[in-house]
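Peer 1: One predicted model, sequence on top.
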Amino acid sequence: MTIRGNDLQPTDIRNPSYFHKVVDCQWACPAHTPVPEYIRLIAHGRYDDAYMINWKSNVFPGILGRTCDRPCEPACRRGRVEDETLSGSRKEPVAICRLKRVAADFKDDLTGRLPKPLPSNGRRIACIGGGPSSLTVARDLAAIGYRVEVFDEGAKLGGMVRTQIPRFRLPEEVIDEECGYAVGAGDVVVHQTRVNSLKDMLGEGFDAIYVGTGAPRGRALDLPGKTEGEKNIHTGIEWLANVSFGHFTTIGKRVIVLGGGNTAMDCCRTARRLGGEKVTVVVRSGFEEMKASPWEKDDAIAEDIPILNFLAPKSFVVEGGKLVGMMFEPVKAVYDDKGRRDLVPTGESDRFIEGDDVLVAVGQENAFPWIERDIGLEFDRWGLPKLDATTFQSSLPTVFFGGDAAFGPKNIIWAVAHGHDAAISIHKHCEGESLSERPAPGVTVISQKMGIHEWSYDNNVAIDPRTKVPHLAKEAALKNIRAEVELGFDVALAVKEAQRCLNCDVQTVFEGPKCIECDACLDICPMDCITFTPNGEEAELRTRLSAPATNFEQSLYVSPALKTGRIMVKDEDVCLHCGLCAERCPTGAWDMHKYFLEMTHAGCRS
Amino acid sequence: MTYIAKPKLHHPALTHNAAGFTRRDYEGTISTLCAGCGHDSISAAIIHACFELNIEPHRVAKLSGIGCSSKSPTYFLGNSHGFNTVHGRMPSVLTGANLANRELIYLGVSGDGDSASIGLGQFAHVMRRGVNMVYVVMNNGVYGLTKGQFSATADRGSKSKKGAVNQDSAIDLASLAILMGATFVARSFSGDKTQLVPLIKAAISHQGAAILDVISPCVAFNNHAGSTKSYDYIREHNEAMNRLDFITGQEPITADYAPGTVTDVLQHDGTTLRLRKLAEDYDPSDKAGALAHIQERAAAGEVATGLLYLDPLPRDLHEGLNTVAAPLNSLPDEALVPGRAALVKINAGLR
């Protein structure tokens, strides 16, 4: 049967991105960490192996296992396939992030496991900033023989990870350990110094310069009363840094925190630990639109911190030279016909909230006062460097940017991903290769068939609600600012949670010529993913499958025409990867192949 | 055999029918038949049909004999009544159950060995009596459980997996059922659910003896070249007489068919069978014509499928026996056992 104009073309499963996309968590991860693989290793008690897979791809497993923004979790298929009425709880993804921490918590001595650097290639690279993106560049390049010089003003490496994330969320030892592994990857020299001139750096003879200086400036709020109340008005990230270094150890009893992001959540919880008894978070937008991760909001609320929404700050109220609180104007969200939101006053009277101190966490900005504007490095109108979005190269070919310094504040995992990409670019630049040609990921595909009905992975999908991470009791947590609140999974809980993983990287692979169209696979499929049908145009075809395929984000796996002229169409959206199609297939047309995909980092050939 | 249970998780769009059940509620335990067995597809078709008919599972009794086919009731309608009877004797047990409780839906599940060899006599008589049931024959032409000897429905000249050629004539259960007085006779193929599901639904709604002869390839022992019951052979030689749409309630004909090609048959229970004619001169209400046509197709090497014969106004066993409308098992002892005086009276009438 010939394929007509609008008919679906057979899926090319040799294209690495096809099955990569099926592994929702890995696809969503900016660093493309092979999540299901490390979760299986955790379930097998192979924590070192699980850690190394993480270390290779995201450099800071212990840090990220506590602080990651977890783009993987909203993507997790488990959150799409669970049934509240069967499980008795919400549809929830696998606790991927907390399992990553398990690998870090339970790993053994890694001596001998960290790769040995290649011999020196004689090249020198400068990394400005000692945060996660710079250290990623340093690790990737030092490992392949570069000498990397890291410049950071802090006494210890880590950047915002060390200064802005409170110790009750991330212990110091974890930062020390993982920054240590990164700079231990080869010839890395750390200069504890602030770089005040890029022009000077350009004259130092580096083969390339990487700028990973983050978004270091907290946005201020210019409102009436600011100057008068100055002493008790703090910029969130600076205040957090001061607390982190032990410069600030107390705060007023009544604290107002402005802002709805994760920094605001860190500020309010830190204030609770420094003596803040009545800490209130005030946000202009609604609760749902807040930028803070849902779990960070939950953690704040659990520490008796109310979050007040739809209140726009109007003025700082100072009496007798002392800040006593703030005035807020109630607002509401109004959407225009294009769906754009505008916050307009409701007309209700202004609201006064008492406060001895105010922490302003309303955003961060990039700041490059140390970069001369006459050296040929171009900035856009928002003050960000003009960069190639793929290569991270600036208008000066030897200068690269990444992390928050590149495209504004994001989060750690993006910084790491940028670091890997920038390292590839720097290496290619030094080798005189084209930067726009990016290395393909490394892929290994292995059948998981062990016996007629045995697979080398746990395919018995059960209904298990998400395992909660144990927390330190609130009283104890609030007493000690260094006491980590999340205690992490123990082995039993970790294994329980690991088994919720659906092994989406174990792919259903279909060989049309072997198929006898007996319907066994479509009859057994618990999710009604499989259909044998005449070919057609995709949108129309999606409506006449065994179950309608309404999630256009997810691919249809399409076979070439079978003996009857029909095609096999599998909707990848809600497949459980239980392998029953392959178990019930009499001819082996279906098989389960583990698809291990690793991003290729600098200097590696796929 | 698959060791794990089918996961309870289901597609988010899975719907409930008017009886409040999802399609998954009509499943049984996971099949222990060979992977790719046609019987599993027939089980799936029964599940679809019962779901679409809004049948409450506890209103169904599944009865079977012995054989691969007769194991299959375990794999569908897990919440229905089940009776795995003696080899070839399912029709007797089903008849007895039907006599005792006429209100259940009876699903007799059998195979070509169970029905055409050891149970051929029972098969003939249950049709003659017009027991209100759906009799499904999962017909694969071999004895699968004993490793693939020819069964009585294997065509003369067809080859076994080992290469032996069958010398005996085949029993055509559909033709036999028409001859014996079945009032709904259909043939289908396990690999064609678009044909099979409506036929099962129509058979369930039929208030008389309904039989479905479903050709169901045995992947292990009868799916090779030379077999006349393989997936490939049936797909090549399947000659559908008609396409059936099963309609609950009265719906107007909306599709644009050529005049004379669509026949609506109103059934006793208010449902309508809409038949789209595929074979030009085929009339499923003409018993003799149907028998002749099936023979002609067979002589031409084709397998006639679809609704082969239908008497829309069947007479069932209870009508013949003039039993009371209430199920016998619901009657009190006084009504069922009239006592000595009544017996004496009957005996006197026979002297």
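Peer 2: Looks like it came in fine. Please read all numbers here as calculations on a predicted model, not as lab measurements. Numbering: from 1, shown residues only, chains lettered A, B, ... in the order given.
Peer 1: The stretch 1-150 of chain B: strands as residue ranges?
Peer 2: Counting by DSSP state E, counting those that start in this stretch, one finds strands in the stretch 1-150 of chain B at the ranges B:60-64, B:81-84, B:105-111, B:133-139, B:142-143, B:149-150.
Peer 1: and these, which is most packed in?
Peer 2: strand B:133-139 (a mean of 30; mean count of other Cβ atoms under 10 Å in any protein chain shown). All C-beta spots, glycine's among them, are computed from the backbone N, C-alpha and C.
Peer 1: before we move on, back to that, any chance of TSV for the strands of the stretch 1-150 of chain B, columns mean pLDDT and distance to chain A?
Peer 2: Formatted as TSV, the strands of the stretch 1-150 of chain B follow (pLDDT from 0 to 100; distance: least, Cβ to the nearest Cβ, whole Å):
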stretch	mean pLDDT	distance to chain A
strand B:60-64	98	18
strand B:81-84	97	20
strand B:105-111	98	16
strand B:133-139	98	14
strand B:142-143	96	15
strand B:149-150	96	20
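Peer 1: how about low-confidence regions in the stretch 251-351 of chain B?
Peer 2: Flagging of the stretch 251-351 of chain B using pLDDT under 70 yields the residue ranges B:251-260.
Peer 1: Just give me the residue right at the centre of chain B.
Peer 2: In chain B, the residue lying closest to the centroid (Cα atoms, centre = their mean) is residue B:136, at 2.5 Å.
Peer 1: so who does the residue of the stretch 151-300 of chain B found nearest chain A touch?
Peer 2: Going by Cβ to the nearest Cβ, chain A is nearest to residue B:219 of the stretch 151-300 of chain B, at 4.5 Å. Counting by Cβ atoms under 8 Å, 6 or more residues apart in numbering or on different chains, residue B:219 touches A:516, A:518, A:586, B:34, B:35, B:36, B:37, B:38.
Peer 1: which of these sit farthest apart?
Peer 2: A:516 and B:34 (12.8 Å; Cβ to Cβ).
Peer 1: ok, the residue nearest to the centre of chain B touching residue B:212?
Peer 2: Yes. Assessed by Cβ atoms under 8 Å, residue B:136 is found in contact with residue B:212 at 5.0 Å.
Peer 1: Next, show the common contact partners of those two.
Peer 2: Common contacts of residue B:136 and residue B:212 (Cβ under 8 Å, 6+ apart): residue B:200.
Peer 1: Residues of the stretch 51-200 of chain B that sit close to chain A?
Peer 2: B:190, B:191, B:193 (Cβ under 8 Å from any Cβ of the partner chain).
Peer 1: I'd like the contacts of residue B:219 as CSV, with pLDDT and distance to residue B:326 appended.
Peer 2: Shown next, in CSV, are the contacts of residue B:219 (pLDDT from 0 to 100; distance: Cβ to Cβ, whole Å):
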residue, pLDDT, distance to residue B:326
A:516, 94, 50
A:518, 94, 45
A:586, 94, 48
B:34, 93, 44
B:35, 93, 46
B:36, 93, 46
B:37, 95, 41
B:38, 96, 40
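Peer 1: Residue A:264: which of the residues you listed is nearest?
Peer 2: Proximity of the contacts of residue B:219 to residue A:264 (Cβ to Cβ) peaks at residue B:35, which lies at 56.8 Å.
Peer 1: who's the residue nearest to the centre of chain B bridged to?
Peer 2: residue B:109, residue B:212 (DSSP bridges).
Peer 1: Leaving out the residues flanking it, which one is nearest to residue A:232?
Peer 2: The spatially closest residue to residue A:232, leaving aside those adjacent along the chain, is residue A:323, at 4.1 Å (Cβ to Cβ, 6 or more residues apart in numbering or on different chains).
Peer 1: What number of neighbouring residues does that neighbour come out with?
Peer 2: By the criterion of other Cβ atoms under 10 Å in any protein chain shown, residue A:323 has 25 neighbours.
Peer 1: Now that it has come up, it's in contact with residue A:358, right?
Peer 2: Yes. In this structure, residue A:323 is within contact of residue A:358 by Cβ under 8 Å, at 6.8 Å.
Peer 1: what comes up buried for the helix or strand harbouring the residue nearest to residue A:232?
Peer 2: Take DSSP states H and E as the rule and residue A:323 turns out to sit in strand A:322-335. Of the residues in strand A:322-335, A:323, A:324, A:325, A:326, A:327, A:328, A:329, A:330, A:331 count as buried by neighbour count, 16 or more other Cβ atoms under 10 Å in any protein chain shown.
Peer 1: What strands line up against it, and which way round?
Peer 2: In the sheet, strand A:322-335 lines up with strand A:311-319 (antiparallel), strand A:341-345 (antiparallel), strand A:351-354 (antiparallel) (DSSP bridges).
Peer 1: contacting residues around residue B:239?
Peer 2: B:279, B:297, B:302, B:303, B:304, B:305.
Peer 1: how about whichever residue of the stretch 451-600 of chain A sits closest to chain B, phi and psi?
Peer 2: Nearest residue of the stretch 451-600 of chain A to chain B: residue A:586, at 2.7 Å (Cβ to the nearest Cβ). Main-chain dihedrals, residue A:586, degrees, to the nearest 10: phi -80, psi -20.
Peer 1: Report the separation between it and residue A:35.
Peer 2: Counting by Cβ to Cβ, to the nearest Å, the gap from residue A:586 to residue A:35 is 33 Å.
Peer 1: likewise residue A:279?
Peer 2: Residue A:279 sits at a distance of 36 Å from residue A:35 (criterion: Cβ to Cβ).
Peer 1: Correct me if wrong, but residue A:126 is in a strand.
Peer 2: Yes. Checked against DSSP: H, G, I helix; E, B strand; the rest coil, residue A:126 lies within a strand.
Peer 1: so it sits right up against residue A:207, yeah?
Peer 2: No. Contact criterion Cβ under 8 Å: residue A:126 and residue A:207 do not qualify, at 9.0 Å.
Peer 1: the helices in the stretch 51-200 of chain A, which residues?
Peer 2: Per DSSP state H, counting those that start in this stretch, the stretch 51-200 of chain A carries helices over the ranges A:61-67, A:72-75, A:78-81, A:84-87, A:96-106, A:132-143, A:160-163, A:172-183, A:198-202.
Peer 1: let me redo that: the stretch 151-300 of chain B
Peer 2: B:173-180, B:193-205, B:231-237, B:287-299.
Peer 1: Please identify which of residue A:586 and residue A:35 sits among more neighbours.
Peer 2: Taking other Cβ under 10 Å, residue A:586 and residue A:35 do not tie; residue A:35 has more neighbours (30 against 20).
Peer 1: Extract the CA atoms of stretch A:403-414 and return them as PDB.
Peer 2: Provided in PDB are the C-alpha atoms of stretch A:403-414 (Å, rounded to 0.1, in the frame of the first residue of the first chain):
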ATOM      1  CA  GLY A 403      24.000  30.200  33.800                       C
ATOM      2  CA  ASP A 404      22.100  33.200  35.100                       C
ATOM      3  CA  ALA A 405      24.700  35.500  33.600                       C
ATOM      4  CA  ALA A 406      23.600  34.400  30.100                       C
ATOM      5  CA  PHE A 407      19.800  34.700  29.900                       C
ATOM      6  CA  GLY A 408      18.800  36.000  33.300                       C
ATOM      7  CA  PRO A 409      17.800  34.100  36.500                       C
ATOM      8  CA  LYS A 410      16.800  30.500  36.000                       C
ATOM      9  CA  ASN A 411      18.000  27.700  38.300                       C
ATOM     10  CA  ILE A 412      20.900  25.400  39.100                       C
ATOM     11  CA  ILE A 413      20.100  22.700  36.600                       C
ATOM     12  CA  TRP A 414      19.900  25.200  33.800                       C
END
